[in-house]
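Participant: how would this look folded up:
(one chain, ligands or ions: 1)
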Amino acid sequence: MKIIVTGSQGQLGKEILKQLDISRYDITAVGKSELNIAVLDDVVSMFRAIKPDVVINCAAYTNVDACETDFDTAFKVNAIGPRNLAIASGEVNAKIVHISTDYVFDGKGVLKDGSIRPYVEYDIAHPETAYGKTKLEGENFVKLFNNRHFIIRTAWLYGEGKNFVRTMLELSQKNGVYLKVVNDQRGTPTSTEELAGMIRYLIDTDNYGLFHGTCEGQCTWYEFTREIFRIKGITTEVIPCTTQEYPRPAPRPAYSVLENYMLKLTSNYMFRDWREALEIYLRKLS
Ligand SMILES: NC(=O)c1ccc[n+]([C@@H]2O[C@H](COP(=O)([O-])OP(=O)(O)OC[C@H]3O[C@@H](n4cnc5c(N)ncnc54)[C@H](OP(=O)(O)O)[C@@H]3O)[C@@H](O)[C@H]2O)c1
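Facilitator: Here you go, the predicted structure:
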């Protein structure tokens, strides 16, 4: 089976390459310099030449704040890029795995009475950020141009590369005594290792559709940081603060917990609890 992995130098791209069994798959891994997914002709000619069975799109413009000021680039990479990949993969009859985000929701709660429960796949998306809007358009294009799609919304991703866990570890070394961390945004930290496991499962199936794919459980960024430091035995004090104290160009969803509803109804694949996945990640890091 031939697989093309795009965005192969990113966090998820690197993990996918680690996990795919090279004795089973003929893998073409392309970073941005080998394939700019925003250029339709390049994508189409590469797919015509390779004729993949599966494409796994790990490429994205993931700087949420930068997307606000550079909407055109965000739209090119997060919407037109997946469109191109869906057109090209559809033409050669390949399956497509595309990764999306919890930011397609505004994080204000989902029930009419204002109460909150985890978002499921059939909840109406309503992005508030440029990143979320462009990622949602990417989902729509993939659905439109290739029926054989697996669209996976994930959240709070960490792996090999720049991410929240590494930033907190670095800050604890620099700042030492205490760190203030936001305690009024709730979501689910998800390791690339867990997410890549889901992708490995899906590509061997015809279980197409839109999926949520995050670790089990939920926490705030403050609770996440406390757990990172607890596991690592770091004594830096973590002080809870509010989003208002740290205004950012792009508004963050206050509540973006996702339920892996489709995955649970259609498979036996289970994500680990976020704490367990974090512990595995930190053990490997040291
Ligand atoms: N990180 C998170 O917390 C998070 C949360 C929810 C969902 N997601 C989604 O999960 C997926 C994987 O995220 P990640 O954390 O692995 O992202 P990442 O580490 O930022 O990797 C994205 C990769 O895409 C590349 N890229 C950017 N523009 C490109 C283009 N035009 N053509 C080809 N490649 C391009 C980037 O290259 P350069 O670095 O050279 O630009 C980078 O190597 C993305 O779809 C993201 O939206 C991430």
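
Participant: make it CA atoms for all contacts and neighbour counts henceforth
Facilitator: Noted.

Participant: just checking, Leu12 touches Lys162?
Facilitator: No - checked against Cα atoms under 8 Å, the pair Leu12 and Lys162 is beyond contact range at 11.5 Å.

Participant: return the set of buried residues in stretch 238-257.
Facilitator: Buried positions in stretch 238-257, judged by neighbour count with 16 or more other Cα atoms under 10 Å: 238, 241, 250-257.

Participant: which outside residues touch it?
Facilitator: Contact with stretch 238-257 is made by 64-65, 68, 102-103, 105-109, 117-119, 128-130, 178-188, 218, 222, 225-226, as judged by Cα atoms under 8 Å, 6 or more residues apart in numbering.

Participant: put the alpha carbons of stretch 250-268 into CSV.
Facilitator: Provided in CSV are the C-alpha atoms of stretch 250-268 (Å, rounded to 0.1, in the frame of the first residue of the first chain):
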residue,chain,number,x,y,z
ALA,A,250,-7.1,35.2,18.7
PRO,A,251,-9.8,34.4,21.3
ARG,A,252,-9.4,30.9,22.8
PRO,A,253,-12.4,28.7,23.2
ALA,A,254,-13.3,28.5,26.9
TYR,A,255,-14.6,25.0,26.6
SER,A,256,-13.5,22.8,23.8
VAL,A,257,-13.7,19.2,25.1
LEU,A,258,-14.5,16.8,22.3
GLU,A,259,-16.2,13.4,22.7
ASN,A,260,-14.9,10.7,20.4
TYR,A,261,-18.5,9.7,19.7
MET,A,262,-18.1,8.4,16.1
LEU,A,263,-15.0,6.4,17.0
LYS,A,264,-16.6,4.7,20.0
LEU,A,265,-19.7,3.8,18.0
THR,A,266,-17.9,2.4,15.0
SER,A,267,-14.7,0.8,16.4
ASN,A,268,-13.0,-0.6,19.4
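
Participant: what average pLDDT does it get?
Facilitator: In this model, stretch 250-268 carries a mean pLDDT of 96.

Participant: ok, so of the buried residues of stretch 238-257, who is nearest His212?
Facilitator: Nearest to His212 among the buried residues of stretch 238-257 is Val257, at 9.9 Å by Cα to Cα.

Participant: please work out how many residues are found near the closest residue to the closest one other than its chain neighbours.
Facilitator: With Cα to Cα, 6 or more residues apart in numbering as the criterion, Val257 has its nearest non-adjacent residue at 4.5 Å, and that residue is Gly187. Counted with other Cα atoms under 10 Å, residues neighbouring Gly187 total 24.
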